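Trainee: no sequence for this one, just the structure:
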Ligand SMILES: [Zn+2]
């Protein structure tokens, strides 16, 4: 059942501190589990509704940028790093080679011009809490000059190895999660995009 406003938990940051407001833990009546064959008690259900506070920290800029139609990556600019200039996507804060903080860069144009499918998996059965349309077309994406592979999902058409794809962003009613980023084959028209998404 959808929760009322009084049953939801809200969080804001004021003066550098997290300020939770509302309800974060809701308990419902439990139910017994009986063995239908013997009539004996086997256990109980344990309904718990918990709102988890997920702090993005240094990755917040990545999720905020998605809502504005921008794909951010990070680049190591440390002169002493053997792999200076390496670009990482998924966005990661620290260089895995020298452990120094990397520089956030706008990778949107480069992604539009060079993203291609490295591999893919089509999933017909999802886990709990899935909100993506089934079957889910998970794709691993390669970009020019990026040393890592990004996992995302294809929203239009079917995946193929080496297929050129372009990023799309949920700029209308963003969720501020990784679901705000998806990909479609190059040449897809704006009218084919899922609701709320733009190029
Ligand atoms: Zn480095």
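Mentor: Thanks, I have it. Model, not experiment: these values are computed from the prediction.
Trainee: neighbouring contacts of the strand or helix carrying residue 61?
Mentor: Using DSSP states H and E, residue 61 falls within helix 60-66. For helix 60-66, contacts defined as Cβ atoms under 8 Å, 6 or more residues apart in numbering pick out 56, 71-72, 91, 104, 106, 169-170, 174, 176-178, 180-181. The way it works is simple: take the backbone N, C-alpha and C, and place the C-beta from them, glycine included.
Trainee: pLDDT, distance to the ion and neighbour count added to the residues you listed, as TSV?
Mentor: TSV is the format used below for the contacts of helix 60-66 (pLDDT from 0 to 100; distance: Cβ to the ion, whole Å; neighbours: other Cβ atoms under 10 Å):
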residue	pLDDT	distance to the ion	neighbour count
56	95	22	12
71	98	21	23
72	98	18	18
91	96	15	21
104	97	14	17
106	98	20	12
169	98	28	22
170	97	32	22
174	97	31	18
176	97	28	14
177	96	28	13
178	95	24	15
180	97	28	21
181	98	25	20
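Trainee: out of those residues, the closest to residue 158 would be?
Mentor: Ranked by distance to residue 158 (Cβ to Cβ), the contacts of helix 60-66 are led by residue 181 at 19.3 Å.
Trainee: can I assume the closest one is in contact with residue 165?
Mentor: No: Residue 181 is not in contact with residue 165 according to Cβ atoms under 8 Å; the separation is 11.7 Å.
Trainee: just checking, which of the contacts of helix 60-66 belong to strands?
Mentor: Mapping the contacts of helix 60-66 onto strands (DSSP state E) picks out 72, 104, 106, 169, 170, 181.
Trainee: is the fifth one in a bridge, and if so with what?
Mentor: Looking back up the chat, that one is residue 170. Per DSSP bridges, the residues bridged to residue 170 are residue 197.
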